[in-house]
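Undergrad: after the sequence you'll find the predicted model.
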Amino acid sequence: MAVLLVCAAVVAVACDRTPQARLEVEVPWALGGAWMVIDTHSHTRFSDGGYPPDEVVNSALLAGCNALAITDHAEKGQKTATPAYFAEIKKIRERLPEFVLFAGIEWNVPPYRGREHATLLVHPDLEQALLPEFMMRFDSFDNDVRDARPALEWLDGKLKDRRQALMIYNHPSRRDTDVTENLADMRGWRAASPLFVAFEGGPGHQKGNARGVYGGRIPTQDRWDPVVAAVGGVWDTLLDGGENLWGALAVSDYHEDANDHVPCAFARTHVQVPERTAWGVLQGLRSGSFWADHGTMLRSLSFTVRADGLALSASPGETVLLAPGQAVEARLALVRAANASDSSLDVEIIGNCGSGKPGVLAASTLGPADSEQVHVISSPVAGADGSSCYVRARVAMNRAADDRLFAYTNPVRLRLKPANPADKP
């Protein structure tokens, strides 16, 4: 009788071997960290902005910012990263100890001599030690610097911990003649340094008819850079190839009131952080645990992936390792802000897990009383990298025929375990 019980137990265990998923890349504070609203791109009188730093910070605070990066221009002749610049920032930090303030720079990336810009943010403890020398050596507006790689390598070598700094590519398509130029640039900068983690999907200068001041051949799409807005475009191509870069980031690029919204008044990036400090904000941005919207249309936006075996659903920035043929459930849940309380919202789940090519996986319209969309991917397939796929989401609200507001999330990546253990993923 005992032998029969043991055999029955063995059979039960064997029959219960349901494929189980596990987290391969984890954001430890996902679903539990604090949320902060940040603008990573603004200017003051220390370069070509219209107001002193304390006025910009006061306006940002009133508009709902919990954190702000002042990113004045780095070319010669500006007063960015000078002793006076850092002294002004120090006074503001002493006055507003709970407000997270970065004294960053907007770098003229070589070899473009002012055509391409990137935000450089470092931990406040390192700003005075690193930023002035970085500007002097590597800004390409006045210097004949022909390659961005030495700058990235120099900065990387100065850091004891790479988590102390990051770079964001600003308004990617503004001056390009071909949007694919961004693909080569981003791949090159990413290959040169892991400090380059994100780009502005939602560029600034959105007041009035400016729409990002994309006056070249490539216009914005519904106020967003086509790098993000075009499904199957540059961002999706990068993600399809297995490269994690974050594009769910919207900024003001604030200079003055005539053409720009005050930081956090229209464009908001909502970053989930392990702690409400500069260190915490850097980690949230590096990890991809953030989303962005225009027009303050949403109070919250949650995009998660659930699979058997996960104790908690996976969030943007995380990677899930799936068993062969294992299904997943992508879930979007939102809370409307007051200006969207009576509006229907269009929701799209985007990715390459359905066919192996980027596209819209699911689309629906949420009525004013609805707040959730769920989409099941029964058997995810790999994309161009041959081993993984990804899912991301966006939400749209129609204000007028020619003016839609959007919110974007970063992706969750799914790593597909091969059915044959001898095959490498």
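TA: Perfect, I can see it now.
Undergrad: can you pull the poorly scored residue ranges out of this structure?
TA: 1-19, 142-143, 401, 419-425 (pLDDT under 70).
Undergrad: longest single strand anywhere in it?
TA: Ordering each strand of the chain by length in residues (DSSP state E) puts strand 388-400 first.
Undergrad: count of neighbours near the closest residue to Pro380 other than its chain neighbours?
TA: Excluding the flanking residues, the one nearest Pro380 by CB to CB, 6 or more residues apart in numbering is Cys353, at 4.1 Å. Backbone N, C-alpha and C define where each C-beta goes, glycine included. Using other CB atoms under 10 Å, Cys353 is surrounded by 28 other residues.
Undergrad: tell me the contacts of Cys353?
TA: 328, 361, 377, 380-381, 383, 389-391, 414 (CB atoms under 8 Å, 6 or more residues apart in numbering).
Undergrad: before we move on, what about Val412?
TA: 303-305, 314-320, 330, 390-392.
Undergrad: those residues in strands, which ones?
TA: 303-305, 319-320, 330, 390-392.
Undergrad: quick check, nearest of these to Asp48?
TA: Top of the list for closeness to Asp48, among these and by CB to CB, is Arg392 at 34.1 Å.
Undergrad: mind checking how far that closest one is from Arg404?
TA: 18 Å (CB to CB, to the nearest Å).
Undergrad: try Gly386
TA: 36 Å.
Undergrad: try Gly367
TA: Applying CB to CB to Gly367 and Arg404 gives a distance of 17 Å.
Undergrad: Ile349 too?
TA: Counting by CB to CB - Ile349 and Arg404 are separated by 18 Å.
Undergrad: between the two, which is the more surrounded one?
TA: The neighbour comparison of Ile349 against Arg404 (other CB under 10 Å) goes to Ile349, with 24 against 17.
Undergrad: wait, a helix at that one?
TA: No - with DSSP: H, G, I helix; E, B strand; the rest coil as the criterion, Ile349 is assigned strand and is not in a helix.
Undergrad: what are the boundaries of the helices in the stretch 101-250 of the chain?
TA: 127-138, 149-158, 181-192, 226-229, 234-240 (DSSP state H, counting those that start in this stretch).
Undergrad: tell me the angle of the third one relative to helix 149-158?
TA: For helix 181-192 against helix 149-158, the angle between stretch directions is 40 degrees (axes from the mean of the first three to the mean of the last three CA atoms, to 10 degrees).
Undergrad: check the offset of helix 181-192 from the chain's centre.
TA: Centroid separation for helix 181-192 versus its chain: 16 Å, with CA atoms, centre = their mean, to the nearest Å.
Undergrad: try stretch 385-394
TA: Taking mean C-alpha positions (CA atoms, centre = their mean), stretch 385-394 and its chain are 15 Å apart.
Undergrad: mind listing what's buried in that stretch?
TA: 385, 388-394 (16 or more other CB atoms under 10 Å).
Undergrad: just the CA coordinates for it, please, in PDB.
TA: C-alpha atoms of stretch 385-394 as PDB (Å, rounded to 0.1, in the frame of the first residue of the first chain):
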ATOM      1  CA  ASP A 385      17.400  38.800 -32.400                       C
ATOM      2  CA  GLY A 386      16.200  35.100 -32.600                       C
ATOM      3  CA  SER A 387      15.800  34.700 -28.800                       C
ATOM      4  CA  SER A 388      13.300  37.300 -27.500                       C
ATOM      5  CA  CYS A 389      10.300  39.500 -28.200                       C
ATOM      6  CA  TYR A 390       8.800  42.500 -26.500                       C
ATOM      7  CA  VAL A 391       5.500  44.300 -25.700                       C
ATOM      8  CA  ARG A 392       4.800  48.000 -25.000                       C
ATOM      9  CA  ALA A 393       1.700  50.100 -24.900                       C
ATOM     10  CA  ARG A 394       0.300  53.500 -25.800                       C
END
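Undergrad: show residues contacting that stretch.
TA: With CB under 8 Å, 6+ apart, stretch 385-394 has contacts from 239-242, 248, 303, 305, 316, 319, 330, 332, 347-353, 356, 361, 377, 380-383, 406-416, 424-425.
Undergrad: drop anything exposed from those residues.
TA: 239-240, 242, 248, 303, 305, 316, 319, 330, 332, 347-353, 361, 377, 380, 382-383, 406-416.
Undergrad: so for Arg268, which of the helices of the stretch 101-250 of the chain sits nearest?
TA: helix 226-229 (15.4 Å).
Undergrad: for the closest one, what is the distance to the chain centroid?
TA: 13 Å.
Undergrad: now the buried residues of stretch 385-394 in JSON lines, with distance to His123?
TA: As requested, the buried residues of stretch 385-394 are arranged in JSON lines below (distance: CB to CB, whole Å):
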{"residue": "Asp385", "distance to His123": "32"}
{"residue": "Ser388", "distance to His123": "31"}
{"residue": "Cys389", "distance to His123": "34"}
{"residue": "Tyr390", "distance to His123": "30"}
{"residue": "Val391", "distance to His123": "32"}
{"residue": "Arg392", "distance to His123": "29"}
{"residue": "Ala393", "distance to His123": "31"}
{"residue": "Arg394", "distance to His123": "31"}
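Undergrad: what is the most widely separated pair among those residues?
TA: Asp385 and Arg394 (22.5 Å).
Undergrad: so of the contacts of Cys353, which ones are in strands?
TA: Using DSSP E, the contacts of Cys353 in strands are 328, 361, 377, 389-391, 414.
Undergrad: out of those, which comes closest to Ile89?
TA: Closest to Ile89, out of all of the ones in strands among the contacts of Cys353 and judged by CB to CB, is Tyr390, at 37.5 Å.
Undergrad: who's the closest one bridged to?
TA: Counting by DSSP bridges, Tyr390 is bridged to Arg413.
Undergrad: Ile349 against Val374, yeah?
TA: No - using CB atoms under 8 Å, Ile349 makes no contact with Val374, being 9.3 Å away.
Undergrad: overlap in contacts, those two.
TA: With CB under 8 Å, 6+ apart as the test, Ile349 and Val374 both reach 330, 332.
Undergrad: circling back to that earlier point, looking at the contacts of Cys353, which is nearest Gly284?
TA: Tyr390 (19.4 Å).
Undergrad: ok, for Arg115, nearest residue in space, not its chain neighbours?
TA: Nearest to Arg115 is Arg175, by CB to CB, 6+ apart, at 5.0 Å.
Undergrad: many thanks, we can stop here.
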